[in-house]
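**Q** Sharing a model prediction with you, sequence too.
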Amino acid sequence: MRIVHYGLTNKGGRPVNEDCIGSAKKGGAECFILCDGLGGHGMGDKASQLVTRFAEDGFRSCTELEDFVSSVLILAHTKLTAEQQKMGLNHKMLTTAVILVIDGDKGIAIHIGDSRLYRFRNGSAIWRTRDHSVPQMLVMTGEIEDKDIRFHPDRSRLLRALGDDSEAARFDTERFDVREGDAFLLCSDGFWEPVTEEQMCASLAESGSPRRWVSGMKKLVKQYNRGKDGDNYSAIAVMIKG
């Protein structure tokens, strides 16, 4: 199997792009990273860039993949809070993070915040990360449905983020098998909010490459944001080919 991918990041209608994307290889394994700095707190762009580059470097230099998986966000959080203290910006350089690692027929997702990873198989969305947010908590308690997250008034209220406090290093990890024909989508909330899972699947069905898949969804994002002060939006599409 071979891995093909394509990523984009765009500032949307905002003056600064606080999203950041990256990737790294080590041997036959590949790592994809997407971070979304928290706007409204300041320095979100610096936070997302710091964590993305830290994860890239950490993946390339790791000697054991499991060490990377178990420690990358903890160490990134430590580095981010140290940078906050140095700059006198305690709790003001914050970011989400979602990481996908593919090593042969094994996949690992690592995430914190509300940037998402979706898994697709046989043209269907079969799984996604669960947001660390107020609306996601309401879904889990049965107060709202999953589809209501996109338009909930508290959709931007996060419960966890890197750089926030000691609880911020509490990230989630998921392991799964990887097969030929599988597809993955890492995306910030500025991307998944305008594009439903059904639209993601429809665009995937019409696309033979990650670039075409992302380009098709980008049109939906731009249409959704027309006439609005649209958020930054970023995505990395990954396909497993034979």
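**A** Everything's here; your move.
**Q** Which positions in the helix ranked longest in the chain come out as buried?
**A** Using DSSP state H to define each element, the chain has its longest helix at helix 65-87. Applying a neighbour-count criterion of 16 or more other CB atoms under 10 Å, one finds 65, 68-69, 72-73, 76-77, 79-81, 83-84 buried in helix 65-87. The way it works is simple: take the backbone N, C-alpha and C, and place the C-beta from them, glycine included.
**Q** Ok, stretch 130-142 next?
**A** Here stretch 130-142 shows 130-139 as buried, counting by 16+ other CB under 10 Å.
**Q** For the chain, which segments count as helices?
**A** With DSSP H, the ranges of helices along the chain come out as 44-61, 65-87, 134-140, 189-192, 197-205, 210-225.
**Q** follow-up on the earlier one: I'd like to know which elements the longest helix of the chain is packed against.
**A** If you count contacts as 3 or more CB pairs under 8 Å, 6 or more residues apart in numbering; DSSP states H and E, helix 65-87 packs onto helix 44-61, strand 97-103, strand 106-112.
**Q** relative to strand 106-112, how tilted is it?
**A** On the basis of axes from the mean of the first three to the mean of the last three CA atoms, to 10 degrees, helix 65-87 is oriented at 20 degrees to strand 106-112.
**Q** Using CSV, write out every CA atom in helix 65-87.
**A** What follows is helix 65-87, C-alpha atoms only, in CSV (Å, rounded to 0.1, in the frame of the first residue of the first chain):
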residue,chain,number,x,y,z
LEU,A,65,6.8,5.1,17.6
GLU,A,66,4.9,4.3,20.8
ASP,A,67,7.1,6.8,22.7
PHE,A,68,6.0,9.5,20.2
VAL,A,69,2.3,8.6,20.5
SER,A,70,2.3,8.6,24.3
SER,A,71,4.3,11.8,24.8
VAL,A,72,4.1,14.1,21.8
LEU,A,73,1.2,16.2,23.0
ILE,A,74,2.4,16.2,26.6
LEU,A,75,5.8,17.5,25.5
ALA,A,76,4.3,20.0,23.1
HIS,A,77,2.1,21.3,25.9
THR,A,78,5.2,21.7,28.2
LYS,A,79,7.1,23.5,25.4
LEU,A,80,4.1,25.7,24.7
THR,A,81,3.6,26.7,28.4
ALA,A,82,7.3,27.4,28.7
GLU,A,83,7.1,29.8,25.7
GLN,A,84,4.0,31.5,27.3
GLN,A,85,6.0,32.2,30.4
LYS,A,86,9.0,33.5,28.5
MET,A,87,6.8,35.9,26.6
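**Q** For it, what does the pLDDT average out to?
**A** Helix 65-87 shows a mean pLDDT of 94.
**Q** and for it, what are the contacting residues?
**A** 29, 31, 43, 46-47, 50-51, 54-55, 58-59, 62, 90-93, 95, 97, 99, 101, 103, 108, 110, 112, 162-163, 168-169, 171, 173 (CB atoms under 8 Å, 6 or more residues apart in numbering).
**Q** and it with strand 97-103, angle?
**A** 150 degrees.
**Q** Next, the angle from helix 65-87 to helix 44-61.
**A** Relative orientation of helix 65-87 versus helix 44-61 (the same axes, to 10 degrees): 150 degrees.
**Q** mind checking which of the helices of the chain is nearest R116?
**A** When the helices of the chain are ranked by proximity to R116, the top entry is helix 189-192, at 5.4 Å, counting by CB to CB.
**Q** For the closest one, buried residues please.
**A** Within helix 189-192, the residues that count as buried by 16+ other CB under 10 Å are 189-192.
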